[in-house]
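Chemist: from the sequence below, what's the structure:
(one chain, ligands or ions: 2)
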Amino acid sequence: MRLSTNFTKTKKQVPADEQSKNAQLLIQAGFVHKEMAGVYSYLPLGLKVLNKIAQIVREEMDAVGGQEILMTALQVKERYEATGRWSDKVVDNWFKTKLANGTEVGLGFTHEENLTPIVKSYLNSYKDLPLAIYQIQTKFRNELRSKSGLMRGREFLMKDMYTYALTQEQHDEYYEKIAQAYRRVYDRLGIGERTFKTFASGGVFSKFSHEFQTVSDAGEDTIYLDKKRKLAINKEVFTDEIIHDLGLTKSELEEVKGIEVGNIFSLGTKFTKPFEVEVEDAEGGRVAPLMGCYGIGISRLMGTIAEVMSDEKGLIWPENIAPAKVYLVRLGEKNAKVADELYENLLQIGVEVIYDDRDARAGEKFADADLLGIPYRIVISDKTVEAGKHELKQRTEAQAQSLGLAEIVKTLAGDNKV
Ligand code: ATP
Ligand code: MG
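Modeler: Numbers count the residues shown, from 1 in each chain. Ligands and ions are numbered 1, 2, ... in the order given. Reported below is the predicted structural model:
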């Protein structure tokens, strides 16, 4: 992408009405636009990051047999009355509205009541189970406080998966498989090392649920870490009994703040019973399938990564989800030929490039390269053209390398064919 054609610009000032680092950086860099607290529009570079995160999640959900669908944001009141969740006393963060004929509808904050009747209409036999179905969709929640930028949206992108199983064993197997898929997601996103599977409160059908918590001072949760075993306990269930049950030692646990980037939950028959979903098992008996639900906050992850992977100069995206791999700085109009050619060559081998072809000062271009957090920066200037060697520098390193064009292309090609 040629920066001269990009309609967004970086801002000199940190937005005054944002307290959270992730929102300050993302707005300053032109990745998102704030509509109101907890409600953000995604601009070209921000949408690229969001889509890349979503794609990694999608690949890992597909790999465990997930089938992707897209459900509606508008929710039927009766379905939620069937499970007791229409009441504002039970769910306090509904956005509700009315159809033209006066019928009340809700804006989806989750989708168990939406999906379960769909599944019921296709479920014939126990042989159809287990099933894993997911979507990546905008959720609406009337959050009381939305001061954490993308990390707590009133409108936000979530991946929600639901499993339906015949037996407890089948359910447990899927639950474990999905927990492992979550690990792979966080590893690929570059936050695997600081993200901990965390025991949290479980509800009626299981003792615990599991959250995935990314350690950060900006987190809203308090968790107790066992770094060696890569486990944590949420403060909400932190008792001597649980520490003992998990075979942990209290004095070895470290109290830290965490951001909940995922949550997996056993639901038993909480939703299949009210909708009278049943299948005939091998013995001819009728059974209500056991459900699980598995959420990942896609937009919260973008906020989290901006929060934990940044420095005083700006964002630092992991290569997998950066809006581009390379930020190509051209200094001096007369070096256009060399820079244009390198730009085209990199595009041809599938390397994404932000080409700073603007008529701007060197300092401004370098500052923008850092603020946008692009993994590699190339500089082509009078000096480098004369020497036949140009600057290649990583965002995370202070020193640049001096390399010829062919070497630069080779270094950046990675697994791509040169
Ligand atoms: P929290 O405890 O943070 O309010 P939750 O337990 O209500 O979240 P779930 O309903 O389990 O969240 O949603 C699944 C995932 O969606 C969460 O693990 C989180 O990553 C993300 N998420 C939840 N609420 C928000 C929000 N308001 N903004 C952005 N992401 C969210
Ligand atoms: Mg939670």
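Chemist: who in the stretch 151-300 of the chain is up against ligand 1?
Modeler: Proximity of the stretch 151-300 of the chain to ligand 1, by Cβ under 6 Å from any ligand atom, involves residues Arg152, Gly153, Phe156, Met158, Glu260, Val261, Gly262, Asn263, Gly295, Gly297, Ser299, Arg300. The C-beta positions use only the backbone N, C-alpha and C, and glycine is treated the same way.
Chemist: may I have the phi/psi pair for the fourth one?
Modeler: Listed backbone geometry of Met158 is phi -130, psi 150, with angles given as degrees, to the nearest 10.
Chemist: enumerate the beta-bridge partners assigned to it.
Modeler: As for beta bridges, Met158 partners with Gln137, Gly297 under DSSP bridges.
Chemist: do you know the pLDDT at it?
Modeler: Listed pLDDT for Met158 reads 98.
Chemist: and for it, the neighbour number?
Modeler: 23 (other Cβ atoms under 10 Å).
Chemist: ok, it touching Gly297?
Modeler: Yes: taking contacts as Cβ atoms under 8 Å, Met158 lies within contact range of Gly297: 5.7 Å.
Chemist: how close does the residue nearest the centre of the chain sit to Thr8?
Modeler: The centre of the chain sits closest to Ile298, judged by Cα atoms, centre = their mean, with a distance of 2.7 Å. Separation of Ile298 from Thr8 (Cβ to Cβ, to the nearest Å): 21 Å.
Chemist: and what of Thr195?
Modeler: 30 Å.
Chemist: for Asp240, same thing?
Modeler: For Asp240, the distance to Thr8 - Cβ to Cβ - is 53 Å.
Chemist: the more surrounded of the two?
Modeler: Neighbours per residue, other Cβ under 10 Å: of Asp240 and Thr8, the larger number sits with Thr8, 15 against 8.
Chemist: check that one and give its pLDDT.
Modeler: Thr8 is given a pLDDT of 95.
Chemist: find the nearest non-adjacent residue to it, please.
Modeler: Counting by Cβ to Cβ, 6 or more residues apart in numbering, Thr8 lies nearest to Gly30, which is 3.6 Å off, once chain neighbours are set aside.
Chemist: I figured the one you found hits Lys12, correct?
Modeler: No: the pair Gly30 / Lys12 is not scored as a contact, 11.8 Å apart, by Cβ under 8 Å.
Chemist: and the residue in the chain sticking out farthest from the centre, what are its phi and psi?
Modeler: Taking Cα atoms, centre = their mean, the residue of the chain most remote from its mean C-alpha position is Glu386, at 44.2 Å. Main-chain torsions, Glu386, degrees, to the nearest 10: phi -60, psi -40.
Chemist: repeat for His210
Modeler: According to degrees, to the nearest 10, His210 has phi -120, psi 130.
Chemist: all helices of the stretch 301-418 of the chain, in order?
Modeler: Taking DSSP state H, counting those that start in this stretch as the test, the helices found in the stretch 301-418 of the chain are 336-348, 362-372, 382-387, 405-413.
Chemist: residues contacting the last one, please?
Modeler: Surrounding helix 405-413, the residues in contact under the criterion Cβ atoms under 8 Å, 6 or more residues apart in numbering are 325-326, 338, 341-342, 345-346, 349, 351, 376, 378, 390, 392, 403, 418.
Chemist: go again using 10 Å as the cut-off
Modeler: 325-326, 328, 338, 341-342, 345-346, 348-351, 353, 375-376, 378, 380, 388-392, 401, 403-404, 416, 418 (Cβ atoms under 10 Å, 6 or more residues apart in numbering).
Chemist: buried residues, it. List them.
Modeler: Judged by neighbour count (16 or more other Cβ atoms under 10 Å), helix 405-413 contains these buried residues: Leu405, Ile408, Val409, Leu412.
Chemist: hang on, the earlier thing: so which of the residues of the stretch 151-300 of the chain next to ligand 1 are in helices?
Modeler: Ser299, Arg300 (DSSP state H).
Chemist: list just the nearest of the residues of the stretch 151-300 of the chain next to ligand 1 to Ala181.
Modeler: Ranked by distance to Ala181 (Cβ to Cβ), these are led by Gly262 at 10.1 Å.
Chemist: sorry, back to before: Gly30 and Lys12: which is more packed in?
Modeler: Gly30 (20 against 8).
Chemist: in contact with the more buried one, which residues?
Modeler: Counting by Cβ under 10 Å, 6+ apart, Gly30 has contacts 6-11, 43-46, 368, 371-372.
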